[in-house]
Each structure stands twice: as structure tokens, then as C-alpha cells.
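# Give the three-dimensional model of this entry:
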Amino acid sequence: MTKTFRHSAGFGKRIEYWVIGLMLKEGLDVYVPLVDDDAIDAVIRRADGSFVTVQIKARSKDVIYGDAALFAAIPHELRDNYWFVFYSERLDSIWIMSSEEFIKESVQNKTGKNAGKRSIWFNGKRKDKTTGKSVEYCKKQFEKYLVKDFSRLNSKGLPRTA
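Just a heads-up that it's a prediction; the model follows:
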């Protein structure tokens, strides 16, 4: 089956709703803005009554091999109470980072059409010693952001020790 434009154009929105569904399933109070003009895909009310805003980014399983968790050309300046949720379909992995963590860990383009925008590449590729085949994996420095739930968003998101 060929990949249609409709499928590729809607992938990001489909994953946003899937991630929001996972958040709701965990019991988070999630609100979805009707208009996406400030890079906010969800607003979460924490247990203490405070709110955080969330941007959800996703990569499909169909991206070029080696780019399973490459998120590029993201415009971003430091924002309070702002979080990123990154999802790689091929790696079936979710990373959660605060705005501050994203700025610290990402690279900022200095020149070109994407000057000032940020990129982060969570994965690398290496040869599997058993099979001899190349495999994608989460880079060691980003393992601390890998999550199995959304508890970081429901707490004050205090830095964890690696």
C-alpha cells in the first residue's frame, strides 16, 4: 500500500490524540486548545492545581533509517511550565523534557533557512553484535528522559538523577 498525502499529513495529529488518550487513561486532567497557534497541543492541570502546557512531537516508522528519533527545525525559546513530549513510532519510545531541558540538550542552527531553530536527535545506530545488523537505539545521554508514564508532567518535574 502506498503512503498517501492524507496519511502523512495527518500522522502528527493522530499521534497527538493518541498521546493525549494515554494521558487521560493515566488520570491526568488534559485540555486541548481549539487553535494551535502557540505550539501548545495540550494543557494539563496538575494535582496541586497548577497548569503546564505541552507540545507533542512525533516521528513515524516510515522515516529514513537512522532518523527514527530526529526532531528538527523546532522554533523555541525558554518558556515557564512548558513541556515537550517526543514520540518515535519505530522505537516505540517517549521522551519528556521541560523547556529548559530541551534548550540545554538540543542544538540551535546558526545559519541557513532554519537559523535559530532547534534540533534534537535522540537516537543513534549501531551494529547488533548478535545479528550483525544495524539497529537504531536511544543515545545514552537521553535515556534519563525516556518514560513509561506521564508522571513528570503531573509533578513539579524535578530533575531526576541519572
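
# can you pull up the bridge partners for residue 93?
Per DSSP bridges, the residues bridged to residue 93 are residue 88.

# how about it, what does it touch?
69, 87, 122, 138, 146 (CB atoms under 8 Å, 6 or more residues apart in numbering). For glycine as for every other residue, the C-beta is placed from the backbone atoms N, C-alpha and C.

# ok, now how distant is it from residue 138?
Counting by CB to CB, to the nearest Å, the gap from residue 93 to residue 138 is 6 Å.

# Please identify the residue most distant from the middle of this protein.
No residue in the chain sits farther from the centre than residue 130, which is 30.1 Å out by CA atoms, centre = their mean.

# now the strands for this structure?
29-31, 42-45, 51-59, 70-74, 82-88, 93-98, 107-108, 118-121, 123-127, 134-138, 146-147 (DSSP state E).

# if we look at the last one, which residues are touching it?
Pointing back at strand 146-147 there. Taking CB under 8 Å, 6+ apart as the rule, strand 146-147 contacts 93-96, 138.

# Buried residues, stretch 90-99. List them.
90-91, 93-99 (16 or more other CB atoms under 10 Å).

# low-scoring stretches of the protein, by residue?
Residue ranges of the chain with pLDDT under 70: 1-9, 156-162.

# Kindly list the longest helix within it.
Counting by DSSP state H, the longest helix found in the chain is helix 5-25.

# any chance of the strands of the chain in a markdown table, plus distance to residue 15?
What follows is these, written out as a markdown table (distance: least, CB to CB, whole Å):
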| stretch | distance to residue 15 |
| --- | --- |
| strand 29-31 | 15 |
| strand 42-45 | 12 |
| strand 51-59 | 4 |
| strand 70-74 | 13 |
| strand 82-88 | 6 |
| strand 93-98 | 10 |
| strand 107-108 | 24 |
| strand 118-121 | 17 |
| strand 123-127 | 17 |
| strand 134-138 | 18 |
| strand 146-147 | 15 |
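
# mind checking how far the longest helix of the chain is from the chain centre?
Centre-to-centre, helix 5-25 and its host chain are 12 Å apart (CA atoms, centre = their mean, to the nearest Å).
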